[in-house]
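A.B. asks: Need the 3D shape of this:
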Amino acid sequence: MVFRSDATDLAVPARGNKIFLVNVASECGLTPQYTALEALHERLAPRGFSVIGFPCNQFGGQEPGTAEEIATFCSRTYGVTFPMTEKIEVNGARRHPIYQQLTQIADGSGRAGDIRWNFEKFVVSADGATITRFGPQVAPDDPAVVAAVEAGLPR
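C.D. replies: Next up, the predicted model:
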C-alpha cells in the first residue's frame, strides 16, 4: 500500500494509533530490517500500532525505484503489509514537514538533527506528544525499541 506523503500532522496516517516511522531503502545493507518491522507491525497492529515506511533516496542512491516498485519489492521480498509513502526527502531544503519535526527529537545519546542513514526510527505516541528516536543500527526488535513501542498500548 502506498499513500500520499503530503500529510504534515504526525497522527494523520494512523490517527489514534501509536506509529513507528522509519525512512527506508531497498538497496541498503540494513534493508533486512524490513523482516523485524513487519513482525512488529503484525504482532501489535491489533493493539493500535502501525509501522509506516518513508522511502528515501538521499543515502547512496539506495532507493531508486518508483513508489509502486518499492511497494512491490517490499511485499514480495519481505512480506511487508504496513503502509509506505511516496518517496520523500528527510534532510536538506526539501525535507518533508514530518521530518522537519522529527529531526528536532534527540535519540538516547542526545543526538538530534539530520537523519544519519536509512532506517532511522521514530516511535510516536497516539496523540503525537511523545516521540522516541532510534538510530539506523538499532534493530526494530531491540528490547529498547520494543519497550518504547509497547509503552501505553492497550493489553
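A.B. asks: Centre-most residue in this protein?
C.D. replies: In the chain, the centroid-proximal residue (CA atoms, centre = their mean) is Val22; its distance is 1.7 Å.
A.B. asks: contacting residues around Thr91?
C.D. replies: Not Thr; residue 91 is Asn. Asn91 makes contact with Gln58, Tyr99, Thr103, Asp114, Ile115 under the criterion CB atoms under 8 Å, 6 or more residues apart in numbering. Placement of C-beta: from N, CA and C, glycine included.
A.B. asks: before we move on, the earlier item: gap between the closest residue to the residue nearest to the centre of the chain other than its chain neighbours and Ile70?
C.D. replies: Distances taken as CB to CB, 6 or more residues apart in numbering place Lys121 nearest to Val22, at 4.9 Å, with adjacent residues excluded. According to CB to CB, to the nearest Å, Lys121 and Ile70 sit 18 Å apart.
A.B. asks: mind listing the helices for the chain?
C.D. replies: Applying DSSP state H to the chain gives helices spanning 33-44, 67-78, 97-102, 143-150.
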